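>>> Please find the sequence and the predicted model below.
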Amino acid sequence: MVTTPGHASAGKRHKRRLTLHYGYVFPAVVMFVLFVAYPILWVIGESLRGSSSSHRSDFVGLNHYWQLFQDPVFWQVLLNMFLWGLITIPVQMVVGGTIAYLIETYTTRSKTFFRVMFFLPVITSVSVVSIVWSQMYAPYYGIIQQYAKAVGVQLTTSPLGDPNLVIYALIVVNIWQWTGFSMIMYVAGLTNIPTELWDAAKIDGAHGWKLATRVIIPLLTPVTRSLLLLGVIGTLQTFPIVYLMSDGGPDHASEIFGTYIFKQGFVIGDIGYASALSTVTLIIALALSMIQIVAFGARLNPNRESLV
Amino acid sequence: MSPQLSEQPRFRISMRFCAKLILAVTLLLWMIPEVYMVSVALRPSDAAFEPQLITWPMTLDNFITVIRDNPLWMFFGNSLLVTTATVIIVLAFASTFAFASSILKLRGTTFLFTSLLTTLMMPVASIVLPIAILLKSFGWISTYQGLIMPYAALGIPYAIAIIKNFMDESPRDLFEAAVIDGCTTWQMFCHVAIPLIKPTIIFVAVWQFIVTWNEFFLALVVMTESSHKTVTLVPMQYSGMYMANPAALFAILVIIAVPLLVLYTFVQKYFVAGLLSGAVKG
């Protein structure tokens, strides 16, 4: 293309303006590179290097990973995380979905009240929740023990101290705290079902159970998929409830990725091993997310065609 | 109302009434931990270990004691500063990025956006170690920016995703008119884009505020000095100190939990509206 000097300077100005436009993108990208991308590369790199500070620069290959696979605590972590996701995600969906359905179909003036009240646990600080529930689980003076006695179950110790019960006791707390989130998501999904669709279904004679299973649940599938995706990530994110209530104990019975990484990295100071654990957590999170996105077209925002 | 039941008017049960009853009973059970928290905080210390949900008499002594004896206002100040700064940074950086990507259609932003989205699928637990080491090398351990910056970095991608969706759907001729009127890009951003996405901004701000205020893992790792601790770390700090006096400890828990609950009841209208409008437009 032949350009006259005038054109060239206009082009230059245009180019300069385009470069300036990258100023809008720059801050977000810098934050991402510094606090997300770099840390990811760092843990992958460190997981291949020596543990103690004197051998930190030694390349040890996949040694930490072999060590990890032979570590019974690691398998306990995997089992706990599996149980955690398997129980919390469906229970929150069913309970949260039912509550949302009842609120949206049968209440009018009290709608806002119920929406707010069921959401309160979500915004109650998790460190507050942990201490309140620890106290409720406590032997002798905890109210849960008292209620259990009333229905004929005699507990003499806190379920948090029992290796067989501890993970379930923690899962209950997690379900209690996060069901409100599923509820609010389903509320949004239900509100967005066009009124004509409701009416049409009712005219066709669908009501009660039939209306729910044949019409409403299929229409809410996008919300359910989003909750599944968020639930999997949320499961792998779990930390404060376990750290504060049982610290992964007794004897690693309730150990999860968060607490085990914290112990290895910050308490023991085995950077290599903690990095290998972190990398495994990352791989599991990304793999499970990708599988859902590819297989069911899961999205973080149920109302969109694209991922979010 | 099912037809079989309506044939026997005497035993007719309103479905509406049943549904409300189920909701009310579920809610009562669901609120037990919250009620118990407040109830223990209101007990005289000798009644703190009573295994009942509610006991009489009630007293405000615990609140007076813990407020008098502890610098709780300092932790609130820390949390307020960290949270507000995080929300502002997230909104600023996310809205400029979304603007460049969906209005200016800047080349390369789609790729950048996709990379940023991986943040949403990544558990914080897996990068908490490198973040702590990075902050140490910056000398940012136990500083406000040491918490604000990672919080903002982790919040920005989600905010971008939401804001970008709204900008993608905003009427293009508004922006074309602005260009014809001789607006600079910056003016276009401030006077056209921002007013358009106001409801979304409120939604993102509320959610980011809640998440940041309650975040625990990074706060635990970064704020090692008591003077900079945020409120989420306070219960842990005091649980040892008030081991024998749970009534006082629970008063602290109430003081920590209640402000956010009150705030939410005030802003929930905007929060739910933001959540709902997502689909109305889509």
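Structure received.
>>> Is there a neighbour count for B:Ser142? I'd like the number.
16 (other Cβ atoms under 10 Å in any protein chain shown). All C-beta atoms are positioned from the backbone trio N, CA, C, and that covers glycine.
>>> Shouldn't it be within a helix?
No - under the criterion used here (DSSP: H, G, I helix; E, B strand; the rest coil), B:Ser142 is coil, not part of a helix.
>>> On the pLDDT front, check it for me.
pLDDT recorded at B:Ser142 is 87.
>>> contacting residues for residue 31?
As the question left the chain open, I've gone with chain A. Contacts for A:Met31 were tallied using Cβ atoms under 8 Å, 6 or more residues apart in numbering or on different chains; they are B:93, B:149, B:152-153, B:156.
>>> not what I meant, chain B
A:117, A:120.
>>> tell me what the longest helix seen in chain A is packed against?
Ranked by number of residues, the top helix in chain A under DSSP state H is helix A:72-106. Judged by 3 or more Cβ pairs under 8 Å, 6 or more residues apart in numbering or on different chains; DSSP states H and E, the packing partners of helix A:72-106 are helix A:111-123, helix A:166-191, helix A:221-237, helix A:257-262, helix B:15-30.
>>> which residues touch the first one?
When contacts are defined by Cβ under 8 Å, 6+ apart, helix A:111-123 is touched by residues A:99, A:103-104, A:107, A:129, A:176-181, A:183-184, A:187, B:23, B:27, B:30-31, B:33-34, B:210, B:214, B:260-261, B:264-265, B:268-269, B:272.
>>> again, but for the third one
By Cβ under 8 Å, 6+ apart, the residues outside helix A:221-237 that reach it are A:81, A:84-85, A:88-89, A:92-93, A:97, A:178, A:182, A:185-186, A:188-189, A:217, A:257-258, A:281, A:284-285, A:288-289, A:292-293, A:296-303, B:120-125.
>>> So among those residues, which ones count as buried?
By neighbour count, with 16 or more other Cβ atoms under 10 Å in any protein chain shown, the contacts of helix A:221-237 hold A:81, A:84-85, A:88-89, A:92-93, A:97, A:178, A:182, A:185-186, A:188-189, A:257-258, A:281, A:284-285, A:288-289, A:292-293, A:298-303, B:120-125 as buried.
>>> show me where the stretch 151-282 of chain B has helices.
Under the criterion DSSP state H, counting those that start in this stretch, the stretch 151-282 of chain B contains helices at B:172-180, B:185-188, B:194-196, B:198-214, B:217-222, B:234-241, B:246-281.
>>> which stretch among those helices comes nearest A:Phe35?
Nearest of these to A:Phe35, taken as Cβ to Cβ: helix B:217-222 at 10.1 Å.
>>> buried ones in the closest one?
Quick answer for helix B:217-222 (16+ other Cβ under 10 Å): B:217-222.
>>> near chain A, which of those residues show up?
Restricting these to those touching chain A (Cβ under 8 Å from any Cβ of the partner chain) yields B:217, B:220-221.
>>> can you tell me which of those residues lies nearest to chain A?
Taking Cβ to the nearest Cβ as the measure, B:Phe217 is the one of those closest to chain A, at 4.8 Å.
>>> Switch the ones next to chain A among the buried residues of helix B:217-222 over to CSV; also include pLDDT.
Listed next are those as CSV, based on pLDDT from 0 to 100:
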residue, pLDDT
B:Phe217, 91
B:Leu220, 91
B:Val221, 90
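>>> Excluding chain neighbours, give the residue nearest to A:Pro163 in space.
Counting by Cβ to Cβ, 6 or more residues apart in numbering or on different chains, A:Ala253 is the residue found nearest to A:Pro163 once chain neighbours are left out, at 3.7 Å.
>>> any idea whether the one you found is helix, strand or coil?
Here A:Ala253 is recorded as coil under three-state DSSP.
>>> Let's check: the centremost residue of chain B is which one?
Central residue of chain B (Cα atoms, centre = their mean): B:Ile210, 1.1 Å from the mean position.
>>> For the closest residue to it other than its chain neighbours, grab the count of nearby residues.
Nearest residue to B:Ile210 in three dimensions, chain neighbours excluded: A:Ile123, at 5.3 Å (Cβ to Cβ, 6+ apart). Residues contacting A:Ile123 under the criterion other Cβ under 10 Å number 23.
>>> and if you look at A:Ala37?
17.
>>> residues contacting B:Ser45?
Here B:Ser45 is in contact with B:62, B:245, B:247-248 (Cβ under 8 Å, 6+ apart).
>>> who wins for neighbours among those?
B:Asn62 (26 neighbours).
>>> that older thread, backbone dihedrals for the residue nearest to A:Pro163, please?
Phi and psi for A:Ala253, reported as degrees, to the nearest 10, are phi -60, psi -30.
>>> check contacts around it.
Counting by Cβ under 8 Å, 6+ apart, A:Ala253 has contacts A:76, A:163-164, A:166-167, A:246.
>>> Identify the residue spatially nearest to A:Ile271, adjacent ones excluded.
What sits nearest to A:Ile271 in space, not counting adjacent residues and going by Cβ to Cβ, 6+ apart, is A:Glu46, at 5.7 Å.
>>> Burial check on that neighbour, number of neighbours?
Look at A:Glu46: counted by other Cβ under 10 Å, it has 24 neighbours.
>>> wait, it sits on A:Tyr273?
No - here A:Glu46 does not reach A:Tyr273: they are 9.7 Å apart, not a contact under Cβ atoms under 8 Å.
>>> which intervals of chain A have sub-threshold pLDDT?
Residues of chain A that meet the criterion pLDDT under 70 lie in A:1-15, A:51-57, A:205-208, A:297-308.
>>> now chain B
B:1-13, B:277-282.
>>> related to what we said a few turns ago, list only buried entries from the contacts of A:Ala253.
A:76, A:166-167, A:246.
>>> Pull the most distant pair out of these.
So, the buried ones among the contacts of A:Ala253 by Cβ to Cβ: farthest apart are A:Gln76 and A:Ser246, at 12.8 Å.
>>> Identify the residues contacting residue 22.
Since you didn't name a chain, this refers to chain A. B:100, B:106.
>>> was after chain B, sorry
Counting by Cβ under 8 Å, 6+ apart, B:Ile22 touches A:Leu102.
>>> same thing but at 6 Å, please
Under the criterion of Cβ atoms under 6 Å, 6 or more residues apart in numbering or on different chains, the contact list for B:Ile22 is empty.
>>> From A:Leu102, how far off is it?
B:Ile22 sits 6 Å away from A:Leu102 when distances are taken as Cβ to Cβ, to the nearest Å.
>>> repeat for A:Phe35
Distance of A:Phe35 to A:Leu102, given as Cβ to Cβ: 42 Å.
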